[in-house]
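> Need coordinates for the below:
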Amino acid sequence: MAGALQKPEVTAAPMKPASLRVLLLKPSKYGVDGYVERFRRGFMPNSTLPHLNSLTPPRHNDCVITTQAIDEYVETDLDYLRLLQRDRDRPTLLALVGVQSHQFHRALDLAAYARRHGVEHVVLGGPHPMTCDTESLHGRGVSFAAAEAEIVWPTILEHAMGEGLRPFYGDDERWIATLDPPALIPPPESNMRKYAVQMLGIYPARGCPYRCSFCSVIKIAGQRMRGQPVETTNAVATRGKTGRHPAHHVHQRQFQQIPRGCGALASNDRRAP
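Modelled structure (predicted):
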């Protein structure tokens, strides 16, 4: 009937998808000639990619999560850009990880490319957003993470499955109080062959009590030293051997300040079985 009152529309809560595609991408940088730097073989693998991969569960409630890691520095074939497109069967979360300042412009271009091609969720994290002001870019289709992954990554995954990402993560807390990450999952052999030095990066400790004016570590990892359980460190070393990656890289500072965990790693037999 004309003029009759209409019932207001009821907006239903977004339905959670049955699966989520997660792309972990370490961006390269632009060279002085303006082209993206790429190498047929890298020096050694990036450590952030396996760490985020290990923090991503294969399933969350009823949602199946598939994860793929990409190091753009060693991708000489541009086929990986096809992944930065909308998947008709499931939503996609693109995480640009470990972004440093000299990689920031490339990361933003990759984010814009993915959003233009239908990728629903894009988040950018790493040293640059943790140490520099990104507020002018908030709310423009790309989210920023300025906290340790153990704090914000579970929330980001949850939001990618439902309500959508917030513009910024890490405004409440930046560093997790107790360091207890899962044991790293070694990269597949096909990925490791892309590097001259096939080392698995292990970080049994984070933080630094010093205030060196030239160093950004305390802005990224905080000033309070935290060490992960010795059992986790040993599990990573054992997985590395089983995965045919017997070499491990541990920063000297961690041996000095967290001797117990690093001592356990040093005493672990590194010979492949």
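> What distance separates the opening and closing residues of stretch 170-180?
With CA to CA, to the nearest Å as the measure, the first residue of stretch 170-180 is 19 Å from its last.
> Would you mark the buried spots in it?
Gly170, Arg174, Trp175, Ile176, Leu179 (16 or more other CB atoms under 10 Å). Every residue, glycine included, has its C-beta placed from N, CA and C.
> Which of the three states applies to the third one?
Just to be clear, that refers to Trp175. coil (DSSP: H, G, I helix; E, B strand; the rest coil).
> repeat for Ala95
Three-state call for Ala95 (three-state DSSP): strand.
> Can you report how many residues neighbour the nearest residue to Arg106 once chain neighbours are set aside?
Excluding its sequence neighbours, the residue lying closest to Arg106 (CB to CB, 6 or more residues apart in numbering) is Pro27, at 4.6 Å. If you count neighbours by other CB atoms under 10 Å, Pro27 ends up with 25.
> got the contact list for Pro27?
Under the criterion of CB atoms under 8 Å, 6 or more residues apart in numbering, the contact list for Pro27 reads Glu72, Leu96, Val99, Gln103, Arg106, Ala107, Leu110.
> try it again with 10 Å
Contacts here follow CB atoms under 10 Å, 6 or more residues apart in numbering; on that basis Pro27 touches 36, 70-73, 96-100, 103-111, 124, 126.
> Any quick ChimeraX command for the buried ones out of those?
Restricted to buried positions by 16+ other CB under 10 Å, the ChimeraX selection for these reads:
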select :36,70,71,72,73,96,97,98,99,103,104,106,107,108,110,111,124,126
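> still on that earlier bit, mind putting the buried residues of stretch 170-180 in a markdown table, pLDDT and distance to Pro50 included?
Below are these laid out as a markdown table (pLDDT from 0 to 100; distance: CB to CB, whole Å):
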| residue | pLDDT | distance to Pro50 |
| --- | --- | --- |
| Gly170 | 90 | 22 |
| Arg174 | 86 | 22 |
| Trp175 | 83 | 21 |
| Ile176 | 78 | 18 |
| Leu179 | 77 | 17 |
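> which residues in the stretch 101-250 of the chain form helices?
Using DSSP state H, counting those that start in this stretch, the helices of the stretch 101-250 of the chain run over residues 104-116, 127-131, 149-160, 189-192, 217-221, 230-242.
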